[in-house]
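Asks: Return atomic coordinates for the entry below.
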Amino acid sequence: MRVTNNHNLASPIVAALSRDDYTRGKSHRSVTQLIDSPRIRILREKHWDSLEEDVSEKLWSVLGTAVHKVFEDYSGDDVISEERLFVDVGGWTISGAIDLQDDEGPIDYKCTSVWAVMHSKVEWELQLNAYAWLMRHAKQRHSKRLRIIAVMRDWNRRMADNSSDYPQAPIATIDVPLWSERDQNDYMAERISLHQEAEFANIVGDRLPECTGVERWTRSAKYAAKKTTNKRALKVFDSMEDAEAFLEKRGHANSKWHEVEVRPGMHVRCDQNWCRVAEFCDQWQEQE
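Replies: Numbers count the residues shown, from 1 in each chain. Below you'll find the model as predicted:
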């Protein structure tokens, strides 16, 4: 991959942002890779030399690493910090570096956005249950609870003061749904099989497994009840029926001053600003 410096950042900053110490150890896949799209990973490897990224885009990842390092330095004797676990299954070795383990289960640090905290990212649920699976198979430790410690980089005090629904501090502990051990086993077996099938498809030249809605960050269509003269909605609904019922309840069902605006669904990650391999992806090309 070619790394650019389009914003003329100073050389020490470029060097710091360019550093990458990540390793999955001696494993076929890490948990992070396993829960993500095999299509994206394979296309990224195949077209690595054609990809381009500006060094400034690495900022949030580096800040996230810094947050991890600070917390790791102050972890106590009653917890296990930054331990990478390995499990052999289905002919592959799966690994995962868990930020923190205590008596209740795994904890993961996230340097993230307020939006992610308020909308409960499904990826966090997948990752933490995969970590619980790792702990159970590698160490025979059964989790009672899954947690995210979220550091919100765009937190705003004024928003917190004005809304009780807004996170009340720039850091929060979030409980993540804990699946049954059977569901964890089934999920991990399914993901390992999917990635193995993708590897075989790549070798023989078959079509790669398509990205799922979760992997494409799909947002469903929304229906905005609004005044015709305003861009901002009075309220947004998941169905046309609910939006129309809302206007009818307010006496605006047949008003020329009110309408239901359809806001089409979209695959957020498939935008080329998010997915660097979109131009090489037949699934993306076909949706266009």
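Asks: Now stretch 257-274 - C-alpha only, CSV.
Replies: Output in CSV follows, covering the C-alpha atoms of stretch 257-274 (Å, rounded to 0.1, in the frame of the first residue of the first chain):
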residue,chain,number,x,y,z
TRP,A,257,-47.8,21.5,4.4
HIS,A,258,-46.8,18.1,5.7
GLU,A,259,-45.4,15.0,4.0
VAL,A,260,-43.6,11.7,4.6
GLU,A,261,-40.1,11.8,3.1
VAL,A,262,-38.5,8.5,2.2
ARG,A,263,-34.9,8.3,3.1
PRO,A,264,-33.4,5.4,1.1
GLY,A,265,-31.4,2.7,2.9
MET,A,266,-27.7,2.5,2.2
HIS,A,267,-24.6,0.3,2.6
VAL,A,268,-22.4,2.8,4.5
ARG,A,269,-19.2,0.8,4.3
CYS,A,270,-19.4,0.3,0.5
ASP,A,271,-18.7,3.9,0.0
GLN,A,272,-15.1,4.1,-1.4
ASN,A,273,-14.2,6.5,1.4
TRP,A,274,-14.7,3.5,3.8
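Asks: buried set for it?
Replies: For stretch 257-274, the buried set under the neighbour-count rule, 16 or more other Cβ atoms under 10 Å, comprises 258, 260, 267, 269-270. No exception for glycine: its C-beta is placed from N, CA and C like everyone else's.
Asks: likewise stretch 212-231?
Replies: Neighbour-count burial for stretch 212-231, with 16+ other Cβ under 10 Å as criterion, is recorded at 215-217, 222-226.
Asks: can you list the residues you listed in TSV and add distance to Gln287?
Replies: Shown next, in TSV, are the buried residues of stretch 212-231 (distance: Cβ to Cβ, whole Å):
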residue	distance to Gln287
Glu215	14
Arg216	9
Trp217	14
Lys222	19
Tyr223	22
Ala224	24
Ala225	29
Lys226	28
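Asks: rewinding a little: dump the buried residues of stretch 257-274 to TSV, plus secondary structure and pLDDT.
Replies: As requested, the buried residues of stretch 257-274 are arranged in TSV below (DSSP: H, G, I helix; E, B strand; the rest coil; pLDDT from 0 to 100):
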residue	secondary structure	pLDDT
His258	strand	90
Val260	strand	91
His267	strand	88
Arg269	helix	88
Cys270	helix	87
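Asks: so which of these comes closest to Val89?
Replies: For the buried residues of stretch 257-274, the residue nearest Val89 by Cβ to Cβ is Arg269; the value is 27.9 Å.
Asks: what residues are up against the closest residue to the closest one other than its chain neighbours?
Replies: Of all residues not flanking Arg269 in the chain, Trp217 sits nearest, at 4.1 Å (Cβ to Cβ, 6 or more residues apart in numbering). Residues near Trp217 by Cβ atoms under 8 Å, 6 or more residues apart in numbering: 267-269, 274.
Asks: what's Trp124 in contact with, if anything?
Replies: Applying Cβ under 8 Å, 6+ apart, one finds that Trp124 lies in contact with 108, 110, 148, 174, 176.
Asks: do the same with Pro264
Replies: If a contact means Cβ under 8 Å, 6+ apart, then Pro264 has Ala221 as its contacts.
Asks: Pop out the phi and psi values for the residue nearest the centre of the chain.
Replies: With distances taken as Cα atoms, centre = their mean, Glu123 lies nearest the centre of the chain, 4.6 Å away. Reported as degrees, to the nearest 10, the phi and psi values for Glu123 are phi -60, psi -30.
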